[in-house]
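Asks: what follows is a predicted structure for the sequence shown.
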Amino acid sequence: MDGAPTHMSFRGRLTLFFLLIVVLPMIVLAVLVTQIATDSTNGKADAQLAEGLDSGLTVYRDEATSAGDAAKKAAHDPKVTAQIKSWGWQDGLHPTPQTPVWPMAAFRDRFLTAFGSTP
């Protein structure tokens, strides 16, 4: 042991060769496959969430358009405008700049009273 190179036995070299050539690549491959499977699962979940969000937004936009159309019809309906004529609003149910600002509870009570319900 005075600086002379030590010789590795054939069995030791064979074991080292086996570890480097077979075991190490299998470990790396297992880690990669696990990572790919996890990414695939996450990607599928993300795709499902995106699809659900897109469907929900489509339904919301359709309903908002329908509600806007119904509100426009109601705003120009002579029966509706006759009920709130005393409020002093302009055509299309738009308050004038001089119309006082009512608290929400007061507006609700006026609205219900105008259309035959009691607050």
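Replies: Perfect, I can see it now. Residues are numbered from 1 along each chain as shown.

Asks: run through the helices of the protein in chain order.
Replies: Ranges of helices within the chain are 10-18, 24-75, 78-83, 104-114, based on DSSP state H.

Asks: okay, these in TSV with mean neighbour count, mean pLDDT and distance to residue 98 next?
Replies: For glycine as for every other residue, the C-beta is placed from the backbone atoms N, C-alpha and C. Formatted as TSV, those follow (neighbours: other CB atoms under 10 Å; pLDDT from 0 to 100; distance: least, CB to CB, whole Å):
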stretch	mean neighbour count	mean pLDDT	distance to residue 98
helix 10-18	10	87	93
helix 24-75	10	90	19
helix 78-83	12	86	18
helix 104-114	12	90	16
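
Asks: between those helices, which one is nearest to residue 96?
Replies: helix 78-83 (13.9 Å; CB to CB).

Asks: which helices and strands does the closest one pack with?
Replies: Applying 3 or more CB pairs under 8 Å, 6 or more residues apart in numbering; DSSP states H and E, we find helix 78-83 packed against no helix or strand.

Asks: wait, isn't residue 118 in contact with residue 108?
Replies: No - with contacts counted by CB atoms under 8 Å, residue 118 stays clear of residue 108, the gap being 11.6 Å.

Asks: on that earlier part again, make a markdown table out of the helices of the chain and add distance to residue 97.
Replies: Shown next, in a markdown table, are the helices of the chain (distance: least, CB to CB, whole Å):
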| stretch | distance to residue 97 |
| --- | --- |
| helix 10-18 | 89 |
| helix 24-75 | 18 |
| helix 78-83 | 19 |
| helix 104-114 | 17 |
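
Asks: which of those helices sits closest to residue 93?
Replies: Here helix 24-75 is closest among the helices of the chain (CB to CB), at 4.2 Å.
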